[in-house]
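Peer 1: next one to model:
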Amino acid sequence: MEAERLSTKIKAVIDALPSDRVDVADIRDLFGQEGIMLLTAFLTLPFMIPISIPGASTVFGAVILLVGFSRLCGRNLWLPKRIGQRRIPTDKLRACLHQGLIFFHRLERLARPYRLKWFISNGIANTLNNLSLITGALLLMAPFGLIPFSNTLPALALLFLAIGFLQRDGVCILLGHLANLVTIAYFAFLIGGGSVLFHGLFEYFSRLSA
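Peer 2: Sure, this is the predicted structure:
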């Protein structure tokens, strides 16, 4: 699959979205079972820009999580009705997708098939790659949506992984693993910093009330 065709297919799906609202299951159906990694790339695009759709990271992250499990188990993608029937405003989604597609187009041009070939042809490596996809989805679903880069970093990891799978590019997959590690470190910093701040405030107000 040529890199240029990835952008073309995603743009065709964006153009095919209905004018009002779209169900998550309808988005999946536009790609089909053979296009679940392209679906994964598509679902990361709204998070490539600072402004995204409220609640979308949880829903889209859940879909990507199920993609990861379907790949890990060698089964077709299945969506629970609650997720599949979730409706997204198309005007906001389309605007975010078009902005994200610009970034995607730049990134896919860097992909080259069969770099670090063992990263995509080795059975153990493929299992680790699918686990990394699951990890990235869980990080995207983490409740840090209002904090800068909390959606962008895991979405970037997922996009690297998706392009790596699609183009069979081990370098992109490796970058996906590294982006996951950066995201985990960033979230650990946020949690640790929040804990220190909370502890400091608790001690401060304790002294005031003493």
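Peer 1: which of the helices or strands spans the spatially most central residue of the chain?
Peer 2: Computing the C-alpha centroid of the chain and ranking residues by C-alpha atoms, centre = their mean puts residue 155 first, at 3.6 Å. Applying DSSP states H and E as the criterion places residue 155 in helix 152-167.
Peer 1: residue 88 now?
Peer 2: Secondary structure assignment for residue 88, by DSSP H and E: strand 87-89.
Peer 1: any stretches of the protein with poor pLDDT?
Peer 2: The model of the chain has pLDDT under 70 over residues 1-4, 51-52, 145, 194-210.
Peer 1: all strands of it, in order?
Peer 2: For the chain, the strands defined by DSSP state E cover 21-23, 87-89.
Peer 1: and the ones you listed as TSV, adding mean neighbour count and distance to residue 113?
Peer 2: For the C-beta atoms, the positions are set from N, CA and C on the backbone; glycine is no exception. Output for the strands of the chain, formatted as TSV (neighbours: other C-beta atoms under 10 Å; distance: least, C-beta to C-beta, whole Å):
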stretch	mean neighbour count	distance to residue 113
strand 21-23	16	32
strand 87-89	15	33
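Peer 1: turn those into CSV, including distance to residue 49.
Peer 2: Shown next, in CSV, are the strands of the chain (distance: least, C-beta to C-beta, whole Å):
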stretch, distance to residue 49
strand 21-23, 19
strand 87-89, 16
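Peer 1: these: which one's closest to residue 50?
Peer 2: Residue 50 lies closest, by C-beta to C-beta, to one member of the strands of the chain: strand 87-89, at 18.3 Å.
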